[in-house]
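# Let me see the structure of the following:
(2 chains)
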Number of protein chains: 2
Amino acid sequence: MKKMATTFILPYIFLFSISSSGFSSAKITPRFPSSIVRPEQLSVSSQTELYEAKYFTQILDHFNYQPQSYRTFQQRYLINNKYWGGADKLAPIFVYTGNEGNIEWFAQNTGFMFDTAPHFQALLVFIEHRFYGKSIPFGGDTNVAYSNASTLGYLSSTQALADYATLIIDLKKNLSATNSPVVVFGGSYGGMLAAWFRLKYPHVTIGALASSSPILNFENITSPYSFTNIITQDFRSESENCYKVIKGSWEQIEETAMKNGGLEVLRKSFRICKNYISGGAIENWLSTAFVYTAMTDYPTPSNFLSPMPAYPVKQMCKAIDDPALGNDTFAKLYGAANVYYNYTGTAACFDLADDSDPHGLSEWTWQHISSFCVDYSNRAAFCKFAFDIEPRPNWITTEFGGHNIKRVLKRFGSNIIFFNGLRDPWSGGGVLENISKSIVAIVAKDGAHHVDLRFATAEDPEWLQDVRKREVKIITKWLSEYYHDLAHHFP
Amino acid sequence: MKKMATTFILPYIFLFSISSSGFSSAKITPRFPSSIVRPEQLSVSSQTELYEAKYFTQILDHFNYQPQSYRTFQQRYLINNKYWGGADKLAPIFVYTGNEGNIEWFAQNTGFMFDTAPHFQALLVFIEHRFYGKSIPFGGDTNVAYSNASTLGYLSSTQALADYATLIIDLKKNLSATNSPVVVFGGSYGGMLAAWFRLKYPHVTIGALASSSPILNFENITSPYSFTNIITQDFRSESENCYKVIKGSWEQIEETAMKNGGLEVLRKSFRICKNYISGGAIENWLSTAFVYTAMTDYPTPSNFLSPMPAYPVKQMCKAIDDPALGNDTFAKLYGAANVYYNYTGTAACFDLADDSDPHGLSEWTWQHISSFCVDYSNRAAFCKFAFDIEPRPNWITTEFGGHNIKRVLKRFGSNIIFFNGLRDPWSGGGVLENISKSIVAIVAKDGAHHVDLRFATAEDPEWLQDVRKREVKIITKWLSEYYHDLAHHFP
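Here you go, the predicted model:
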């Protein structure tokens, strides 16, 4: 542990906030500088071409037979039947198991489903996770839904999985397509849901593509240092100098902040707007940029968390290694931060107040609070989720397993692809080795966070094309087996 | 359908009450004539030799992160470590997933676990189902727990399975036995829970022996006539006359009941106590005897639902076929009823009032009420369970599957034994064919309701001994594979 700890690129505060809660960190919520257009507004294609939005009357509480169980809410799903071969042909249904956000955002960043739909003649369905986007219980009013523990209590992975089962079964019935095979897809937390859905609801889906899903990021299964360690590796792989500059910068920021007039030096160096500033806030602001850039270190220009060039980690290190900047560490860091926060070049200044920590990081308690809840206090739903996990630290592994996963699943279950890109900090908590013949790991050394699910581009490197080809081949096999069983054995 | 319907041995009212609700009927609650000692009081061995009772502080609501989620209750479990090889030897843990009743009753009728424990050096654990026996939430007060929908809402199979996972994981931790393999056992509804537990919690158990578990008794998967049809077959297999007498008797009872003084004729014929009587109540009383005798048509004397001789269906038909009784149908039926209600010969008269239908069968509504709830109104918890299923008729198949089970599980899951005895009316809703190499069906033509789980006796027929040998062999294989994987592949 010691050896690793000394190599971390991130400051102490960030290291601890990241490693605090495997669960909450799996549900990372991106931070958008206010000056930057959100990805929803920059869809690859126009939204009406991609899908139609519909609503399903969903049960609020699947597991308690109480009067309130019959309370319902409107759950949004997006549907595209342009490529579907139809129920008569038993053409497949591809379902994205939505994660922590507006489902349109995930749909627009899951081009793999659109790209492969014509080949598979697949119906596409993207289901929004309860409590996000437009799928807000309690009349759609977030003020009510997020108001307190008794309303937020219905926000849980187990309820979300039951939502997906209920919606899919009903949708198939309405389409007279009960025999159409369903394949589920998901990235990040959505990938965890996809994998768990295949494990818990094999009668609803024949297989799952779980991309960058850190299902082993709970309890002590994965080292708490894995996440930051991978980020360190990412930057170090570009240049030793890049790594050293970042690593050495935290002390310099802290020292400067404590000096007379130091905060104004920092404000000027990083073009911070004329309101809130602190040394810790600058560190946090920079750390966020490093973390999310490592996560989305895609080989082509992208706009998942923010608009970025291809290979953004390389671009950050290029800025840091710029010989023209001499020994000016802050100028180097500012250049790096601009890759993440200001690639479009439109930001006049950066506002730390929006995302500042209202409680102070010093009040942060290891056992109780996810850093993301401190940082993003307006994300009430997610934060409550993280908070409420705490009193039952073993619940996720009790419900979904994780310990000794190879031994447990070697003789149980089937048809799951776990994709991981090793440059993705979350990959440390992913399944990186084949478990059985049909529960397989696809690992891309140069891949980032669910890069396989993105729309294909002409510039995609060969390894990425190969990953997608393998995934298509495996899904094809699942479908063939299903049709074979249906036709020959159990018609 | 018509052809079958005409052969039913049971009267119209009972047929419909049985077929009303697959779910509730799976949770049949036996009816004990008040004059007969309950099986708990007649344990094979003394209770203290069999097990020690302990309590576990269990979470009331596993799925909603609400303040009330952290409410707990005391869940009882019985434990026997007399045969256990211990944690150091990785000796197995055999767990009975309790069903709808006092766990002591199930433990005492699951001799198979005690009989095989020395061979396997197994720790025995019997976990009581929430809301039954001494595992009553809300301070253990049934008046509160059963009082209304908001308290009874926590009674569900999904919550029960999460209870078992939570308790087992905690128990293993406390015994420093996290690597000891767990095998689950259950009969009837408990068998359904065992099978579902293996499917939903493969990380907690390596395999399940699900005895007489009608997991296909939902929606339209199994014919609603299957249950009564099997009972008809059972009696008809003894003698054609036996079948004909029973089948013809209902009209005779109804006609007699309508005659002047007819009820007194019935009272005298069936020795009904001097309070409540009606034609319908007599029919129900007789039907109950036929149903439960068919279910527990064991090859040796038993005391599961009531004290009975070996092959009690044969004994009933012997009474009905008694040439000394000539054409006296009521005397024949009375003789048959005595096999079930009065084998000990101590009943002075039979009290129909105890179990009479307080609402009237005429008020019985197909969509709402399980017949067992009408008959056994004091079983509030179970009845609420049945009632509340109704608004979501597809919930069980949504959560646990059932449709096309062979296709779904052929390439998913492993290590489940489905035992069924074909004389058991529940066997129609059971898994009667192998699904895969390790999800297997053991079918005994002459077997009754979870007969395999009973204590072995010197009089057990060879087929029953063979069934148990096969089960032991299969469980041995699960354990060997587990130890092999642990030692060689994933230590």
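# Only C-alpha atoms from now on, for both contacts and neighbour counts.
Fine.
# Quick check: A:Ala160 touching A:His129?
Yes. Under the criterion of C-alpha atoms under 8 Å, A:Ala160 makes contact with A:His129 at 6.3 Å.
# more crowded one of these two?
A:His129 (29 against 25; other C-alpha atoms under 10 Å in any protein chain shown).
# for the stretch 301-450 of chain A, what are the low-confidence residue spans?
Along the stretch 301-450 of chain A, the parts satisfying pLDDT under 70 run over A:354-392.
# could you pull out the strands for it?
In the stretch 301-450 of chain A, the strands defined using DSSP state E, counting those that start in this stretch lie at A:416-421, A:439-444.
# In a markdown table: the ones you listed, plus mean neighbour count.
Below are the strands of the stretch 301-450 of chain A laid out as a markdown table (neighbours: other C-alpha atoms under 10 Å in any protein chain shown):
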| stretch | mean neighbour count |
| --- | --- |
| strand A:416-421 | 29 |
| strand A:439-444 | 20 |
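# As TSV, these with distance to A:Tyr201 would be great.
Shown next, in TSV, are the strands of the stretch 301-450 of chain A (distance: least, C-alpha to C-alpha, whole Å):
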stretch	distance to A:Tyr201
strand A:416-421	13
strand A:439-444	16
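# Out of those, which is closest to B:Ile405?
strand A:416-421 (19.4 Å; C-alpha to C-alpha).
# Hmm, A:Thr151 is touching A:Thr142, no?
No. Contact between A:Thr151 and A:Thr142 fails when scored by C-alpha under 8 Å: they sit 10.1 Å apart.
# give me every residue that touches A:Val183.
A:Pro92, A:Ile93, A:Phe94, A:Val95, A:Thr205, A:Ile206, A:Gly207, A:Ala208, A:Leu209 (C-alpha atoms under 8 Å, 6 or more residues apart in numbering or on different chains).
# Give me the secondary structure label for it.
strand (DSSP: H, G, I helix; E, B strand; the rest coil).
# Which single residue of the stretch 151-300 of chain A ends up nearest chain B?
Chain B sits closest to A:Gly153 of the stretch 151-300 of chain A, with a gap of 4.2 Å, by C-alpha to the nearest C-alpha.
# follow-up on the earlier one: could you save the strands of the stretch 301-450 of chain A as TSV and add columns showing distance to chain B?
What follows is the strands of the stretch 301-450 of chain A, written out as TSV (distance: least, C-alpha to the nearest C-alpha, whole Å):
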stretch	distance to chain B
strand A:416-421	11
strand A:439-444	11
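# Out of the ones you listed, flag the one nearest B:Asn275.
Here strand A:416-421 is closest among these (C-alpha to C-alpha), at 64.4 Å.
# For the closest one, which outside residues touch it?
A:195, A:198, A:207-213, A:427, A:430-432, A:438-452, A:471.
# just stretch A:309-325 next, same as before
Against stretch A:309-325 from outside (C-alpha under 8 Å, 6+ apart): A:234-235, A:238-239, A:241-242, A:245, A:293-294, A:296-302, A:329, A:331-333, A:335-337, A:339-340, A:343.
# export that stretch as CSV, just CAs?
What follows is stretch A:309-325, C-alpha atoms only, in CSV (Å, rounded to 0.1, in the frame of the first residue of the first chain):
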residue,chain,number,x,y,z
PRO,A,309,-10.3,16.8,-28.0
ALA,A,310,-9.2,13.3,-28.8
TYR,A,311,-6.8,11.8,-26.3
PRO,A,312,-7.4,14.6,-23.8
VAL,A,313,-4.9,13.3,-21.2
LYS,A,314,-2.3,13.6,-23.8
GLN,A,315,-3.4,17.1,-24.5
MET,A,316,-3.3,18.0,-20.8
CYS,A,317,0.2,16.7,-20.5
LYS,A,318,1.2,18.5,-23.6
ALA,A,319,0.1,21.7,-21.9
ILE,A,320,2.0,20.8,-18.8
ASP,A,321,5.1,19.8,-20.7
ASP,A,322,5.0,22.9,-22.8
PRO,A,323,8.7,24.2,-22.7
ALA,A,324,7.5,27.8,-23.3
LEU,A,325,6.0,27.8,-19.8
